[in-house]
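Colleague: Whatever this is, show me its structure:
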Amino acid sequence: MASSLLESDLEGILSSAFSSADELVVVDPSVDTIVSIADADVDWEDTPRLLVLADEDVLKEALETFPVASTIAELLDREALSIRTLEAPVENSLFVSENRVLAIVGTDDRIAALSTDEAEFVDAVASSYWDRFEDAPAYRIRTPAIGRVRETMAEALGTEMQEDFDAVLSAVASGDVDESVLDAVTIALLVAARNEVLLYDLSKWGEDVGIASKATFSRTKTSLEDHGLIDTEKVPIDVGRPRLRLKIGDDRLRDLPPDRFAATAADILS
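Modeller: This next block holds a predicted model:
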């Protein structure tokens with residue numbers, strides 16, 4: 001039996017797809033669909049396991065930003081999600097479960113999910129795409145999982161640093177701040193300056209956890225210094241060259257709550 005399910009956003013489609021499956025194959029999702037999976041406000045312990053079969057270029061675009069990539073990496077770590085690459089596109093994006101097939105059709109402002117639960121058809125489609133998923137190559141995400149980032153940051157750099165990082169990251173993920181200006185390395189450096197963390201400690205943590213190399217942290221630090229956003233002071237150590245303590249360099253950033261801190265920094269850098 002065929003029916004249509006009209007929703008105003010992808011979150012509604014996802015919620016409906018989640019409600020009637022133990023395992024869900026997401027076939028040829030759009031960038032927006034992958035981002036919506038990362039943003040979904042659900043308890044992943046109670047949702048079906050997602051098997052995502054997606055175009056590699058779509059995956060690269062969807063995972064460009066740290067908030068999305070690190071959340072998807074977290075779902076991979078929890079085994080709530082598995083991603084493999086689709087060699088050829090299909091006519092429509094599909095959500096395929098053991099008892100229903102949803103085909104996504106969208107316009108500029110509305111989304112419709114055309115669904116069927118006709119047993120013979122659903123069985124054929126599900127079998128086909130489960131087989132294609134099993135045969136497809138796995139897609140590797142290099143971004144570390146957000147849970148590991150939070151845990152290791154708190155251990156290495158302190159809970160205040162981790163809480164500020166989370167708050168700024170949330171402001172960026174909300175869309176209120178230009179995420180192309182504030183990437184993960186830039187956010188980490190600005191928050192480290194807000195908490196007067198040593199550059200050595202930050203860059204070592206960042207390289208160890210897999211965010212970026214020490215050289216990338218150093219180059220980005222220099223760029224932020226050139227913009228006047230951060231400053232450094234030398235801290236003597238017993239042996240070797242002095243370490244650099246990161247500090248806020250622009251008075252406009254001082255004493256701001258994290259959301260305004262992020263927005264102000266992005267405005268200065270734009």
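Colleague: Would you map the helices across the chain?
Modeller: 10-18, 31-39, 56-62, 66-77, 119-135, 146-157, 159-173, 184-194, 199-209, 214-226, 258-269 (DSSP state H).
Colleague: Just put these in CSV and tack on mean pLDDT, mean neighbour count and distance to Lys247.
Modeller: Quick note: C-beta positions are derived from backbone N, CA and C, even for glycine. Listed next are those as CSV, based on pLDDT from 0 to 100; neighbours: other Cβ atoms under 10 Å; distance: least, Cβ to Cβ, whole Å:
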stretch, mean pLDDT, mean neighbour count, distance to Lys247
helix 10-18, 77, 19, 41
helix 31-39, 91, 20, 33
helix 56-62, 95, 16, 36
helix 66-77, 94, 22, 24
helix 119-135, 92, 14, 50
helix 146-157, 97, 18, 15
helix 159-173, 92, 19, 14
helix 184-194, 96, 25, 6
helix 199-209, 97, 19, 10
helix 214-226, 96, 16, 11
helix 258-269, 90, 19, 14
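Colleague: want to throw the ones you listed into a markdown table with distance to Leu246?
Modeller: Below are the helices of the chain laid out as a markdown table (distance: least, Cβ to Cβ, whole Å):
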| stretch | distance to Leu246 |
| --- | --- |
| helix 10-18 | 38 |
| helix 31-39 | 29 |
| helix 56-62 | 31 |
| helix 66-77 | 19 |
| helix 119-135 | 45 |
| helix 146-157 | 11 |
| helix 159-173 | 11 |
| helix 184-194 | 4 |
| helix 199-209 | 6 |
| helix 214-226 | 7 |
| helix 258-269 | 14 |
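Colleague: Which one, of the ones you listed, ends up nearest to Val25?
Modeller: Minimum separation from Val25 across the helices of the chain (Cβ to Cβ) falls at helix 119-135, 4.9 Å.
Colleague: Show me the domain layout of the protein.
Modeller: 2-135, 146-269 (automatic domain parsing).
Colleague: How many residues are close by Ala145?
Modeller: Other residues within reach of Ala145, judged by other Cβ atoms under 10 Å, total 21.
Colleague: Spit out the contact partners of it.
Modeller: Residues touching Ala145, when contacts are defined by Cβ atoms under 8 Å, 6 or more residues apart in numbering, comprise Ser70, Ala73, Glu74, Leu76, Asp77.
Colleague: swap the cut-off to 7 Å and go again
Modeller: For Ala145, the contact set (Cβ atoms under 7 Å, 6 or more residues apart in numbering) comprises Ser70, Ala73, Glu74, Asp77.
Colleague: now swap in Pro236 and tell me
Modeller: Neighbouring residues of Pro236 by Cβ under 7 Å, 6+ apart: Pro242.
Colleague: who's the closest residue to Ser115 other than its chain neighbours bridged to?
Modeller: Using Cβ to Cβ, 6 or more residues apart in numbering and skipping residues adjacent in sequence, the residue nearest Ser115 is Leu102, 4.8 Å away. On the basis of DSSP bridges, Leu102 takes part in beta bridges with Phe95, Ser115.
Colleague: Wait, Leu102 touches Ala113, no?
Modeller: Yes. Counting by Cβ atoms under 7 Å, a contact exists between Leu102 and Ala113, whose distance comes to 4.5 Å.
Colleague: hey, what's in contact with both of these two?
Modeller: Common neighbours of Leu102 and Ala113 (Cβ under 7 Å, 6+ apart) do not exist.
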